[in-house]
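# Make a model of this:
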Amino acid sequence: MRLPLLTCLCALLGFALPVPPLQAASWNPENSGLSPDPAVRFGQFENGLRYAVRANREPRERASLRLLVTSGSLLETDEQRGLAHYLEHMAFNGTENFPAGSLVAYFQRLGMAFGPDTNAATGFDRTFYQIELPRGDHASLEEAYRVLRDFAVGMLLEPEEIESERGVILAEMRDRDSVEFRTAVEEYGFYLPDAIIADRFPIGIEETVRAADRARLLDYFQTWYRPERMVVVAVGDLDPDAAVDLLRQSFGAIEPMGPAREEPPLGEIHPVTSTRLRLHHEPESPYVRISLGMVAPAEKAPDSSEARLAELPEAVAHDILALRLQRLAEAGEAPITFGYANSFDLFGFARIASLGVGTPAHQLIPALQTAEAEIRRVLEHGFHPPEVREIAARRLARLRENARAADTRLSAQISDTIMDDAVAGRVHLHPADELALFETALATLTAEDCHRAFSARWDDGQALSLFVTGNFDPDTTEDALLSAFHAGRARPVDPPPAPETEGFAYDSFGPPGEVVESTVVEDLDLELVRFSNGLRANLKATDFEDDTVHLRLRVGYGRLLLPAENPGLAALASQYFLRGGLGRHSAPDLERILAGHRTDLDFNVADDAFIFRATTTPEDLLLQLRIIAAYLTDPGFRPEPLRSVREEMELIRLRLERIPQGVLQTDVPVLLSGGDHRFGLPPVDVLLAPDLDDLRAWLGRDLQHGPLELAVVGAIDPATVKELLAVTLGALPQRDQRQPQEEFRRLRTPDRPPSQSFVIESAISQGLIALYFPTDDIYDIRRTRRLSLLADTLSDRLRIRIREEFGAAYSPDAFHTPSDTFRGYGHLQVRVGVDPAQADEILEEILSIAATLAEEGIDAEELERAVNPALTSIRQARRSNAYWLNSVLSNPQEIPERIEWARSFPDDLESVTPGEINRLAAQFLDPARAARFVILTRPPESPLP
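Have a look, this model is predicted:
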């Protein structure tokens, strides 16, 4: 029941969308020059329903299923806006084989969690239903197909269930309302004024939702849920022959439920003959965004190798422009905080090219002129060959990575790709064939090719559409901005500077280190080693992802030793450190040097360490280790990116101040921790107080001398990894030994629950209730696991009572967050989005649900529904690199218990009894102990600045 609003926003904010034909189709267009993935069995029954079945080994035993209906909100009439989404909800509220209220519990008993394993979504061009089966055997597939068949033709649409679900959908509509959503609607309407797209956002409108009844939903269901519009996808650890036979039995004979109708026209696109501008004032936005676009009818052509290759120069051209904008912002001289550029087809209807920049409100006019100038710079001066080579190398590296890792893709990833290709009318290629298609084209692509494609798309930039949104001065007029735009256009633009590329400068870090201690944990296939300089390394070779290596390096003490007088340092370090580059390379220089390599690197400040995370390949592992070692020994701390980083931090903080969820990241952590400065994102003035000297002083000692513990997991040979470590991190000067720092791990939490109400001025009516039941830290692992099951049980009761019975919330949730840093610190959290008018009533109901659980406990059946999905999840997790990297090998030499924790999971879960859960419920779910936070919006008394 996810509404993929992100799909809507991506079109406007920098990501391409597929090009779907909105009618039935057969698989794989003929004469395309493209060969479909031979591992996929494509087929079509006589009734028109298509299927795709593929055996896949990851995750083991599981199968990923989709029922796709090529029917979404674009097929609605004006009177039906929101019915496609409403109907998707109703699939879970009574079908021929599953009475209302029974389906989620049925899935849970099978080992599937509502949300991650069983879900659905409605888009403009599709509705799909998802099942992630714990097993792909014959019986499991048969049951899953029975469910999907009911979704396809067996919804009951009982009036009482329609009425019950109405409140849930209205709650979802309320939760999804935002500045970004409202802006997206306006932007679609501006770019496509004579099309229906802006009036067909899948969530619909309140008027339609309130008026929905059985007759209206049944009409949409019987009209558009037709076999010729359906695709069933099954990928996983299954027998393809059996899967196809079962599909034929379940879906081969279904028939249309009603007569076919013509699809409604999407509208028209008229040429723009002169530059036009639209102002959309959003005072609750923390910044201004400017979008410059060109819109033309889509060039409708069947999928083919020629069509895909023809799109390449234009795509690369926009990638180069986006990179120029990003680097302008990072350089600290241009009046922009971020930028993007893209070109994409929208639903086979419109072709949109756009450039966008974000800026503080006071920089609106200079930012507008900068955006226009960058388009003109491309049109007049084109691209430099090194720019094309950099983007081509990035794309080629990504294609090669996909091809090498193709055999270990997750089944859900393959299912989604097949589904997307089906909607788009594209041939589904194996990644190796996609690489073969583009490899030569990328190697021979020229700057002239890209310039020519860009100029053709932008029509020499003479008639642009300008969309300006955000918190600009409300007195700003369109005439004034157009005047400034044309004034900027009259100024000449210089050619862009030619980029220079050099080699990576860091290849020696001292005499090679030596392994002085090694422990092999045979039953878990791990090796824990210690080098002579104090580096600790934890290694595990896996076959979970071909040609992929993950690293996680813990350095020093992170937020644990954050200075009380300068708490903004933690956020600044996370946002800025990598962008500050190295002493001998700026961050943009590094990007150019590393183009064509896979050396993904991230840095953040955690509770008790600074964390480097990296993903690379066996081939690039030495280079990745050199990069990390260079950041430890010679960080750049360059001043150029600081301005844009500060602006981003301010924008984030201001945005959090204007949404209910933001309070949970700013004020609430401080209150729960007793006012500790290490918790919560501080106010803007505190956030922006540190300078580079402060940051250098705080990070410097840990970077140079702090203890190091490294996890390396994936497609590795441990002996080779130790050799590479010896000449990189193991060659660094002697590191400090890890110290307990116990005095910093104990919090002075409040004696009484720190309950508080918050009011946020906003034109968007929303409410949020957050409860925090204090628990404990992570170290009693049996208790921790059982508290997680208790939270899952509470979450399910909230779903049943608050969502299903009351219709008062869309996604009530409960979860457990024990700390592994702060002694005795943890919470069982509850979060429920509410209508502000119902906040008091829902708060009391939540407390009543918790109290009942504490007093009466659970029975074996309810425990089974909590344990089985958890077992499915952990069994899959144990075949993922992420589990070993983050949960087991992050710091087992500091916390040896992690090894035993890995041994006992999942057997420990299978031994849980209702009595254990009930004792914890009685101990921790006392409503009197819960911190209560109610966060409500109210309309501003005066316009926001």
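# contacts, neighbours, all on C-alpha from now
OK.
# With only the CA atoms kept, save stretch 756-769 in PDB.
C-alpha atoms of stretch 756-769 as PDB (Å, rounded to 0.1, in the frame of the first residue of the first chain):
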ATOM      1  CA  GLN A 756       5.700  17.300  26.200                       C
ATOM      2  CA  SER A 757       3.400  18.700  23.600                       C
ATOM      3  CA  PHE A 758       4.700  20.600  20.600                       C
ATOM      4  CA  VAL A 759       2.800  22.900  18.200                       C
ATOM      5  CA  ILE A 760       4.200  23.600  14.700                       C
ATOM      6  CA  GLU A 761       2.800  26.400  12.600                       C
ATOM      7  CA  SER A 762       1.900  24.900   9.200                       C
ATOM      8  CA  ALA A 763      -0.800  25.100   6.600                       C
ATOM      9  CA  ILE A 764      -0.600  21.300   6.400                       C
ATOM     10  CA  SER A 765      -2.700  19.600   9.000                       C
ATOM     11  CA  GLN A 766      -0.900  16.700  10.600                       C
ATOM     12  CA  GLY A 767      -0.300  15.200  14.000                       C
ATOM     13  CA  LEU A 768       2.100  12.700  15.400                       C
ATOM     14  CA  ILE A 769       2.100  10.700  18.700                       C
END
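# quick one: buried residues of stretch 192-211?
192-193, 195-205, 208-209 (16 or more other CA atoms under 10 Å).
# So which residues make contact with that stretch?
3, 8, 72-74, 76, 79-86, 122-124, 166, 169-170, 173, 185-186, 188-189, 266-270 (CA atoms under 8 Å, 6 or more residues apart in numbering).
# rerun that using 7 Å as the cut-off
3, 73-74, 79-82, 85, 122-124, 166, 173, 185, 188-189, 266-269 (CA atoms under 7 Å, 6 or more residues apart in numbering).
# ends of that stretch, how far apart?
Taking CA to CA, to the nearest Å, the first and last residues of stretch 192-211 lie 28 Å apart.
# to the chain's geometric centre, what's the distance from it?
25 Å (CA atoms, centre = their mean, to the nearest Å).
# average pLDDT across it?
Averaged across stretch 192-211, the pLDDT comes to 97.
# Stretch 583-594 too?
Average pLDDT, stretch 583-594: 96.
# picking up where we left off before, and the buried ones among the contacts of stretch 192-211, selectable in ChimeraX?
In ChimeraX, this line selects whichever of the contacts of stretch 192-211 come out buried by 16+ other CA under 10 Å:
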select :3,73,74,80,81,82,85,122,123,124,166,173,185,188,189,269
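# Which members of the contacts of stretch 192-211 occur in helices, if any?
With DSSP state H as the criterion, helices contain 85, 166, 173, 185, 188, 189 from among those.
# Relative to residue 912, which of those is nearest.
residue 166 (37.5 Å; CA to CA).
# pLDDT at that closest one, what is it?
Taking residue 166 on its own, its pLDDT is 97.
# Quick one: the helices in the stretch 351-500 of the chain, in order.
For the stretch 351-500 of the chain, the helices defined by DSSP state H, counting those that start in this stretch cover 364-381, 385-404, 411-424, 431-444, 447-458, 478-489.
# Would you mind putting those into JSON lines with mean neighbour count and distance to residue 798 alongside?
Below are the helices of the stretch 351-500 of the chain laid out as JSON lines (neighbours: other CA atoms under 10 Å; distance: least, CA to CA, whole Å):
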{"stretch": "helix 364-381", "mean neighbour count": "20", "distance to residue 798": "46"}
{"stretch": "helix 385-404", "mean neighbour count": "20", "distance to residue 798": "41"}
{"stretch": "helix 411-424", "mean neighbour count": "21", "distance to residue 798": "28"}
{"stretch": "helix 431-444", "mean neighbour count": "16", "distance to residue 798": "43"}
{"stretch": "helix 447-458", "mean neighbour count": "19", "distance to residue 798": "52"}
{"stretch": "helix 478-489", "mean neighbour count": "15", "distance to residue 798": "49"}
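# what sits against the closest residue to residue 385 other than its chain neighbours?
Spatial nearest neighbour of residue 385, chain neighbours left out: residue 447 (5.3 Å); criterion: CA to CA, 6 or more residues apart in numbering. Residues near residue 447 by CA under 7 Å, 6+ apart: 383, 384, 385, 388.
# just the residues you listed now: which is nearest residue 26?
Among the contacts of residue 447, residue 388 lies closest to residue 26 (CA to CA), at 37.0 Å.
# how about the closest one, what does it touch?
Per CA under 7 Å, 6+ apart, neighbours of residue 388: 446, 447.
# and if we set it to 10 Å?
Shown in contact with residue 388 (CA atoms under 10 Å, 6 or more residues apart in numbering): 313, 316-317, 319-320, 394, 442-443, 445-450.
# which residues of the stretch 251-400 of the chain fall in strands?
Chain-ordered strands for the stretch 251-400 of the chain, with DSSP state E, counting those that start in this stretch as the definition, fall at 276-281, 288-297, 338-346, 350-359.
# Now do the last one against strand 288-297, angle only.
What it means is strand 350-359. 170 degrees (axes from the mean of the first three to the mean of the last three CA atoms, to 10 degrees).
# for strand 350-359, the distance to its chain's centre please.
21 Å.
# elements contacting it?
helix 5-13, strand 288-297, helix 305-331, strand 338-346, helix 364-381, helix 447-458, strand 465-470, helix 642-656 (3 or more CA pairs under 10 Å, 6 or more residues apart in numbering; DSSP states H and E).
# Try it again at 7 Å.
strand 288-297, strand 338-346 (3 or more CA pairs under 7 Å, 6 or more residues apart in numbering; DSSP states H and E).
# Figure out which of those strands is closest to residue 488.
strand 288-297 (14.1 Å).
# Could you spell out the sheet neighbours of the closest one, each with its direction?
Using DSSP bridges, strand 288-297 pairs in its sheet with strand 350-359 (antiparallel), strand 465-470 (antiparallel).
# what residues does that strand touch?
Applying CA under 7 Å, 6+ apart, the external contacts of strand 288-297 come out as 191, 269, 349-361, 368, 458, 464-472.
# residues of stretch 918-935 that come out buried?
918, 920-922, 924-927, 929-935.
# how distant is that stretch from the center of its chain?
Computed by CA atoms, centre = their mean, the chain-centroid distance of stretch 918-935 equals 31 Å.
# export it as PDB, just CAs?
Taking Å, rounded to 0.1, in the frame of the first residue of the first chain, the C-alpha atoms of stretch 918-935 are listed here in PDB:
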ATOM      1  CA  ASN A 918       4.600 -11.600  28.800                       C
ATOM      2  CA  ARG A 919       7.100 -11.000  31.600                       C
ATOM      3  CA  LEU A 920       8.900  -8.400  29.500                       C
ATOM      4  CA  ALA A 921       5.500  -6.800  28.700                       C
ATOM      5  CA  ALA A 922       4.600  -6.500  32.300                       C
ATOM      6  CA  GLN A 923       8.000  -5.100  33.100                       C
ATOM      7  CA  PHE A 924       8.400  -2.500  30.400                       C
ATOM      8  CA  LEU A 925       5.000  -1.600  29.000                       C
ATOM      9  CA  ASP A 926       3.700   0.300  32.000                       C
ATOM     10  CA  PRO A 927       2.000   3.400  30.600                       C
ATOM     11  CA  ALA A 928       3.100   5.400  33.600                       C
ATOM     12  CA  ARG A 929       6.800   4.900  32.600                       C
ATOM     13  CA  ALA A 930       6.300   6.000  29.000                       C
ATOM     14  CA  ALA A 931       7.500   9.400  27.700                       C
ATOM     15  CA  ARG A 932       4.700  10.900  25.700                       C
ATOM     16  CA  PHE A 933       5.200  13.400  22.900                       C
ATOM     17  CA  VAL A 934       2.200  14.800  21.000                       C
ATOM     18  CA  ILE A 935       3.200  17.000  18.000                       C
END
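# Good, wrapping up.
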